[in-house]
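Peer 1: the following comprises the amino acid sequence and a computationally predicted model.
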Protein chains: 2
Amino acid sequence: MSIKTKIKRLAIIGVGLIGGSFGVSLRYRGAVEEIVGYGRNIKNLGLAKELGLIDRWTTNIDEAVSHADIVLIATPVGAMPAVFDLMKDAIAPECIITDVGSVKQVITEAFKNSFLDQNVHFIPGHPIAGREVSGPAAADGDLFVGKTVILTPEQNTDVDAISRVQELWQLVGSKVICMSPERHDRLLALTSHLPHVMAYTLVNLLKDEEDQQQDTLNFAAGGFYDLSRIASSDPIMWRDICLTNNNEIVSRLESYQNSLSHMIDILEAKDGAALEKLFNRARETRERIKQLNKH
Amino acid sequence: MSIKTKIKRLAIIGVGLIGGSFGVSLRYRGAVEEIVGYGRNIKNLGLAKELGLIDRWTTNIDEAVSHADIVLIATPVGAMPAVFDLMKDAIAPECIITDVGSVKQVITEAFKNSFLDQNVHFIPGHPIAGREVSGPAAADGDLFVGKTVILTPEQNTDVDAISRVQELWQLVGSKVICMSPERHDRLLALTSHLPHVMAYTLVNLLKDEEDQQQDTLNFAAGGFYDLSRIASSDPIMWRDICLTNNNEIVSRLESYQNSLSHMIDILEAKDGAALEKLFNRARETRERIKQLNKH
């Protein structure tokens, strides 16, 4: 697969794992002439250039975006409204802005508040390709291969702009699915945000125990180890997700609590048949998920 | 490392992932003359022989244990009391019986109820080396390398018998730690049983959603995928663990519910500083666990 129209200048706002991987993925596939990185951490930006993720970097956002045909925003979600405000006066007409945030409704609103009636296109996006590692050193030109990317354009979004962003994600190996920002936020609260909060909370419970009995962590192997992997995820990124998709996450947590209460009832009743049935249902579902994730 | 006294006959009661791996691990290291497998599933037993995990098999438990110097019980926990009863009349004096069950108090009591004052030694054990796969085909001669094995002998247990079992686990590459059965059950309820119940419950919550909206499972990637891995674990094994370590698991689930309620409070207050602090604490703890699991 090759690109129809090469990107002249791609501006990446926030050159970490996802931003850096997007840049280098497009470069490897010959889809971009120049990549400019913008950020606040000069050390990270220097490293990103050294690793070949970007061609050059700047801490002046106007300079980064002013002649870009595509702008990718890959900062933590909480920083995105400020980024829109900072860049709005410098952005070129017909520029396509896209992002990789894990929350979509708040970001879409923030875009509208900043850009009002300006002639730019915003295609909100979310590659489901996170890792518990972060920073440009972890960037990978094949990070998005086989992954799903959700785009959440609105009814009146320019169709050509949607196609352009869709083409870029397909080029780097992803499967693109469009849905409403509302559905995205509700769905991801279940499939991603809830599991992260669960993992962080479980690890803290273990830490409480270790504060009482020092060798506890030695036994956190096997199932605990895998289940807690995502508790190594970036705390700032996840704080922002929790603050911006707040209602949906609380709602999912409450559902999960109800499920756990039901499980406690079954355990207290020592109902072996009910346990077996629930565990079988979960195992069958997990096996289907495993099949779906094979690529 | 080589063994001081070779095992003449090892009887493995239940030749699945753990039982089969124990046998083949000892065989590879030249520690055993003959391995006899006992079980109820002839197909599994035949496969175990074919794979070289055992030398021969029988469905007559008297025949399996009567001339064994070591008997390993590797059935689901719920079957162990019946296994003790079945074998008690055939077992040789001074025989060492050990097991690999994930729950220790109930098993220790069951042993005492069956064997009363017989001159045999029981060294309860638990290798923390489970996997979401099961059955003899998954057995692996290096499964226990670098893993922790907990033994829970009592005050009056024969010291030579403890040393003998300890030596076997060390020979197959494990680190052995002794503790009381009470501490084992309370600790494992946190580090293993709670995570399994959490994962099963989460996957069922996703299944509930998928029953409403068909493509939901497509988005169960990334964090969800890893976190839910252990929901593929054997339902019968986990039913038994939940029924036998019932009180401790309920108690840990209630603590976890309290932690989640605290998290909901913080989310509803949109307290970003508190979220960041909790996430950082969990991340630091997970990084320490990662270091401890390197071998």
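Peer 2: Everything's here; your move.
Peer 1: now do the helices in chain A.
Peer 2: A:17-28, A:42-50, A:61-65, A:80-87, A:105-115, A:159-171, A:181-188, A:194-212, A:222-227, A:235-244, A:246-268, A:272-292 (DSSP state H).
Peer 1: any weak-confidence spans in chain A?
Peer 2: Within chain A, the stretches with pLDDT under 70 are A:1, A:130, A:132, A:295.
Peer 1: give the contact list for the residue nearest the centre of it.
Peer 2: Computing the C-alpha centroid of chain A and ranking residues by CA atoms, centre = their mean puts A:Ser102 first, at 4.3 Å. Contacts for A:Ser102 were tallied using CB atoms under 8 Å, 6 or more residues apart in numbering or on different chains; they are A:Val77, A:His126, A:Gly130, A:Leu188, A:Ser192, A:His193, A:Met237, A:Ile241, A:Asn245. The way it works is simple: take the backbone N, C-alpha and C, and place the C-beta from them, glycine included.
Peer 1: could I get the helices of chain A in CSV, plus columns for distance to B:Ala11 and mean neighbour count?
Peer 2: Output for the helices of chain A, formatted as CSV (distance: least, CB to CB, whole Å; neighbours: other CB atoms under 10 Å in any protein chain shown):
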stretch, distance to B:Ala11, mean neighbour count
helix A:17-28, 52, 25
helix A:42-50, 59, 16
helix A:61-65, 71, 20
helix A:80-87, 64, 19
helix A:105-115, 62, 18
helix A:159-171, 58, 18
helix A:181-188, 51, 20
helix A:194-212, 37, 21
helix A:222-227, 26, 23
helix A:235-244, 51, 23
helix A:246-268, 33, 17
helix A:272-292, 28, 18
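Peer 1: pipe those helices into CSV and attach distance to chain B per row.
Peer 2: Putting the helices of chain A into CSV (distance: least, CB to the nearest CB, whole Å) gives the following:
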stretch, distance to chain B
helix A:17-28, 12
helix A:42-50, 19
helix A:61-65, 24
helix A:80-87, 14
helix A:105-115, 12
helix A:159-171, 15
helix A:181-188, 6
helix A:194-212, 4
helix A:222-227, 4
helix A:235-244, 4
helix A:246-268, 5
helix A:272-292, 4
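Peer 1: so A:Thr148 makes contact with B:Ala221?
Peer 2: Yes - using CB atoms under 8 Å, A:Thr148 is in contact with B:Ala221, at 6.4 Å.
Peer 1: show me whatever sits in contact with both of these two.
Peer 2: Counting by CB under 8 Å, 6+ apart, the contacts common to A:Thr148 and B:Ala221 are A:Ile128.
Peer 1: and the residue lying closest to A:Asn44 once chain neighbours are set aside, how many neighbours does it have?
Peer 2: Leaving aside its sequence neighbours, A:Asn44 sits nearest to A:Pro136 (CB to CB, 6 or more residues apart in numbering or on different chains; 5.7 Å). Using other CB atoms under 10 Å in any protein chain shown, A:Pro136 is surrounded by 27 other residues.
Peer 1: what about A:Pro136, distance to B:Gly173?
Peer 2: Distance, A:Pro136 to B:Gly173, using CB to CB, to the nearest Å: 38 Å.
Peer 1: correct me, but A:Ile230 touches A:Val197?
Peer 2: No - the criterion here is CB under 8 Å, and A:Ile230 misses it with A:Val197 at 9.9 Å.
Peer 1: ok, the nearest residue to A:Leu187 once chain neighbours are set aside - contacts?
Peer 2: Using CB to CB, 6+ apart and skipping residues adjacent in sequence, the residue nearest A:Leu187 is B:Phe219, 5.7 Å away. By CB under 8 Å, 6+ apart, the contact list for B:Phe219 reads A:Ile128, A:Thr148, A:Ile150, A:Leu187, A:Leu188, A:Thr191.
Peer 1: mind listing the strands for the stretch 1-150 of chain A?
Peer 2: Along the stretch 1-150 of chain A, the segments classed as strands by DSSP state E, counting those that start in this stretch run A:7-13, A:32-38, A:56-58, A:70-73, A:96-99, A:121-123, A:125-127, A:148-151.
Peer 1: could those go into TSV alongside distance to chain B?
Peer 2: Listed next are the strands of the stretch 1-150 of chain A as TSV, based on distance: least, CB to the nearest CB, whole Å:
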stretch	distance to chain B
strand A:7-13	21
strand A:32-38	24
strand A:56-58	27
strand A:70-73	19
strand A:96-99	18
strand A:121-123	19
strand A:125-127	10
strand A:148-151	6
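Peer 1: can you add mean neighbour count and give these back as a markdown table?
Peer 2: Formatted as a markdown table, these follow (neighbours: other CB atoms under 10 Å in any protein chain shown):
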| stretch | mean neighbour count |
| --- | --- |
| strand A:7-13 | 23 |
| strand A:32-38 | 23 |
| strand A:56-58 | 17 |
| strand A:70-73 | 26 |
| strand A:96-99 | 24 |
| strand A:121-123 | 23 |
| strand A:125-127 | 25 |
| strand A:148-151 | 22 |
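Peer 1: for the ones you listed, give me TSV that also has distance to B:Asp69.
Peer 2: Supplementary listing: the strands of the stretch 1-150 of chain A in TSV, determined by distance: least, CB to CB, whole Å:
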stretch	distance to B:Asp69
strand A:7-13	67
strand A:32-38	67
strand A:56-58	69
strand A:70-73	67
strand A:96-99	66
strand A:121-123	70
strand A:125-127	58
strand A:148-151	56
